[in-house]
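>>> The amino acid sequence is not available; the structure is as follows:
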């Protein structure tokens, strides 16, 4: 089996789509710091072929391969076997209890570029069976003979010398050479037995040539045939003996390496560290389950929250409050308007009265001026004189008693005019005040009518209690979403800490 292309998406440390191209590569090395994703590439190949990751120790444990924050991981491996190109694809998705790997397929390329393929298997177990038939290796054999999982070498170091030797023999398939040597020894033993039997028969021949000749000739023919057989088998026997010697040398070298391995000292804290790794892996699995549960809770809270927008409800509640506020302003404005109207009317009446007083004062001044002129004319006029105005004879000069002096009449007129001016100013001011209050009242009423129309046309409840209940319900659902997201954030942080603990333990 030769890999040609590997695609990962959401798998381990490869949270985004990543492609590793092995085309025309005979030998390659994966290098980088701890956690860079070297082992993840090998894990992805094994997962694509067999649907499990060997370093987790449990073939059912696959949820940890999904990248942090992702809901699924996808792996595609293109590989060739005996010149034929194949593609294995597997998808692992999170569930409430872990993860599922039901989605899988195995395809055989029917065109050089893979644009057309034949579906060989479309279920996870069928893909695994197809890969085993195609490679001739089960998962256990593949991870023993082709890929040595993380932790297997540690098992080798902890094994007893006999177990390590047995493991090396199994890993290197050295028992094949032992079987060849055993077959060679058995073949040699058989041929030696045949030669010994021939010698025994020769020793038992009679000394009489005449009697022994026919039997000897027959025996000679048999021995000649046997020699031909032995000569024919000698080359194979020599080859087996040479192979046996080489196997013995290989066995000696292997035993020398085993001796070197026996000299290795296992650190005292390996067992404790191994236990710490196991505990950390369990903590990671538990944290992943908690994170998955938290993610489901976020989905449920988000679904329950829905798309309800509180803004229209808040605006409607604000309108209702404005209606109350404007309504509270209307009554004092109406009362103030009535007072302003009364004051305006009173000031207008006072202004009219003041104007009338001005006219009366002006008439009084004219009378005083006429009286003063008449008194002046009659002061030098005698009975029987001609009138200086009309020229007629005055039989008797009339007597004129002035009712008021001109100065007093002028002072009265000035005072009346001043009072009229003041009355007009008061009337104008009260009229402007009345107009201002009336304008305010009209504006408030217009705002009130406009807001009431908006309340009717809003299409949301116009009852304050219903609005409050609806907004409280949205606030509660918002709080549920925030709490679920906070729990998911805490679970994600806990999962990250658990993975950091696992990395540190490893």
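In hand now; what should we look at? Here the structure is a predicted model, which means the values were calculated and not measured.
>>> Going by neighbour count, which residues in stretch 458-473 are buried?
Neighbour counts using 16 or more other CB atoms under 10 Å place 461, 462, 467, 470, 471 of stretch 458-473 among the buried residues. Glycine gets a C-beta too; all of them are placed from N, C-alpha and C.
>>> Relative to the whole chain's centre, how far out is the helix ranked longest in the chain?
The residue-count maximum for a helix in the chain (DSSP state H) belongs to helix 310-378. Distance of helix 310-378 from its chain centroid, counting by CA atoms, centre = their mean, to the nearest Å, is 72 Å.
>>> Which SSE is immediately downstream of that helix?
As assigned by DSSP states H and E, the chain's next helix or strand after helix 310-378 is helix 406-457.
>>> Determine the next helix or strand in the C-terminal direction from that following helix.
Assignment by DSSP H and E places the next element after helix 406-457 at helix 464-505.
>>> and that following helix, what does it pack onto?
Taking 3 or more CB pairs under 8 Å, 6 or more residues apart in numbering; DSSP states H and E as contact, the helices and strands that helix 464-505 lies on are helix 270-305, helix 310-378.
>>> how far off helix 270-305 does it point, in degrees?
Here helix 464-505 runs at an angle of 160 degrees relative to helix 270-305 (axes from the mean of the first three to the mean of the last three CA atoms, to 10 degrees).
>>> average pLDDT for helix 464-505?
In this model, helix 464-505 has a mean pLDDT of 90.
>>> Next, the contact list for residue 127, please.
Listed by CB atoms under 8 Å, 6 or more residues apart in numbering, the contact partners of residue 127 are 51, 88, 90, 104, 105, 106, 121.
>>> Just the element for it, please.
Residue 127 belongs to helix 124-135 when assigned by DSSP H and E.
>>> Show me the shaky parts of the stretch 51-200 of the chain.
Residue ranges of the stretch 51-200 of the chain with pLDDT under 70: 57, 59, 144-145, 148-159, 163-164, 166-176.
>>> In strands, which of the contacts of residue 127 appear?
Cross-referencing the contacts of residue 127 against strands under DSSP state E gives 88, 90, 104, 105, 106, 121.
>>> Thought residue 106 was touching the first one, still the case?
Yes: counting by CB atoms under 8 Å, residue 88 touches residue 106, with 5.4 Å between them.
>>> which residues does the most centrally placed residue in the chain contact?
Central residue of the chain (CA atoms, centre = their mean): residue 69, 6.5 Å from the mean position. Contact analysis of residue 69 by CB under 8 Å, 6+ apart lists 15, 492.
>>> May I have the secondary structure class of it?
The local conformation at residue 69, judged by DSSP: H, G, I helix; E, B strand; the rest coil, is coil.
>>> So which residues of the stretch 101-250 of the chain form strands?
Under the criterion DSSP state E, counting those that start in this stretch, strands of the stretch 101-250 of the chain are mapped to 104-109, 117-121.
>>> Tell me which of these sits most buried.
strand 104-109 (a mean of 20; mean count of other CB atoms under 10 Å).
>>> quick one: that strand to strand 117-121, angle?
140 degrees.
>>> Give me the contacts around strand 104-109.
Residues from elsewhere that reach strand 104-109 (CB under 8 Å, 6+ apart): 51, 84-91, 116-124, 126-127, 130-131.
>>> for the strands of the stretch 101-250 of the chain, which one sits closest to residue 370?
With CB to CB as the measure, strand 104-109 is the member of the strands of the stretch 101-250 of the chain nearest residue 370 (131.3 Å).
>>> Sheet-wise, list the partners of that closest one with their directions.
Paired strands of strand 104-109, with direction, are strand 84-94 (antiparallel), strand 117-121 (antiparallel) (DSSP bridges).
>>> Which one of these lies nearest to residue 245?
Smallest distance to residue 245 across the strands paired with strand 104-109 (CB to CB): 40.2 Å, for strand 84-94.
>>> The helix or strand just after the closest one - contacts with which helices or strands?
Downstream of strand 84-94, the first helix or strand assigned by DSSP H and E is strand 99-100. Using 3+ CB pairs under 8 Å, 6+ apart, the elements in contact with strand 99-100 are strand 84-94.
>>> returning to what we had before: I'd like the average pLDDT over the longest helix of the chain.
Rounded mean pLDDT across helix 310-378 is 86.
>>> what residues are shared contacts of residue 88 and residue 106?
127, 131.
>>> tell me the contacts of residue 323?
Counting by CB under 8 Å, 6+ apart, residue 323 has contacts 448, 451, 452, 455.
>>> one step back: now the strands paired with strand 104-109 as JSON lines including distance to residue 13?
Compiled in JSON lines, the strands paired with strand 104-109 are given as follows (distance: least, CB to CB, whole Å):
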{"stretch": "strand 84-94", "distance to residue 13": "15"}
{"stretch": "strand 117-121", "distance to residue 13": "29"}
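>>> so which of the ones you listed comes closest to residue 46?
Short answer: strand 84-94, nearest of the strands paired with strand 104-109 by CB to CB, at 10.6 Å.
>>> now the angle between helix 124-135 and that closest one, please.
Going by the same axes, to 10 degrees, strand 84-94 makes 150 degrees with helix 124-135.
>>> centre of the chain versus strand 84-94, how much separation?
For strand 84-94 - counting by CA atoms, centre = their mean - the centre lies 25 Å from the chain centre.
>>> Could you pull out the buried residues of that strand?
Neighbour counts over strand 84-94 (16+ other CB under 10 Å) mark 85, 86, 87, 88, 89, 90, 91, 92, 93, 94 as buried.
>>> what does it contact?
With CB under 8 Å, 6+ apart, strand 84-94 has contacts from 4, 47-49, 51, 62-63, 65-66, 71-80, 99-101, 103-109, 114, 117, 120, 124, 127, 131, 134, 292, 295.
>>> Just the pLDDT at residue 11, thanks.
Note on residue 11: pLDDT of 91.
>>> Residue 204 too?
Predicted confidence (pLDDT) for residue 204: 65.
>>> In the stretch 151-300 of the chain, what residue spans correspond to helices?
Along the stretch 151-300 of the chain, the segments classed as helices by DSSP state H, counting those that start in this stretch run 152-158, 161-172, 175-203, 209-262, 270-305.
>>> Redo the ones you listed as a markdown table? Include mean neighbour count.
Listed next are the helices of the stretch 151-300 of the chain as a markdown table, based on neighbours: other CB atoms under 10 Å:
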| stretch | mean neighbour count |
| --- | --- |
| helix 152-158 | 13 |
| helix 161-172 | 14 |
| helix 175-203 | 13 |
| helix 209-262 | 12 |
| helix 270-305 | 16 |
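>>> mind putting those helices in TSV, distance to residue 24 included?
Below are those laid out as TSV (distance: least, CB to CB, whole Å):
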stretch	distance to residue 24
helix 152-158	30
helix 161-172	29
helix 175-203	33
helix 209-262	34
helix 270-305	38
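>>> Of those helices, give the one that comes closest to residue 385.
Proximity to residue 385, assessed across the helices of the stretch 151-300 of the chain by CB to CB, is greatest for helix 270-305 (118.7 Å).
>>> Show me what the closest one is packed up against.
Using 3+ CB pairs under 8 Å, 6+ apart, helix 270-305 is in contact with helix 152-158, helix 464-505.
>>> doesn't residue 288 make contact with residue 494?
No: in this structure, residue 494 is not within contact of residue 288 by CB under 8 Å, at 9.8 Å.
>>> re the thing from before, output the helices and strands packed on helix 464-505 in a markdown table; the columns should cover distance to residue 414.
What follows is these, written out as a markdown table (distance: least, CB to CB, whole Å):
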| stretch | distance to residue 414 |
| --- | --- |
| helix 270-305 | 83 |
| helix 310-378 | 8 |
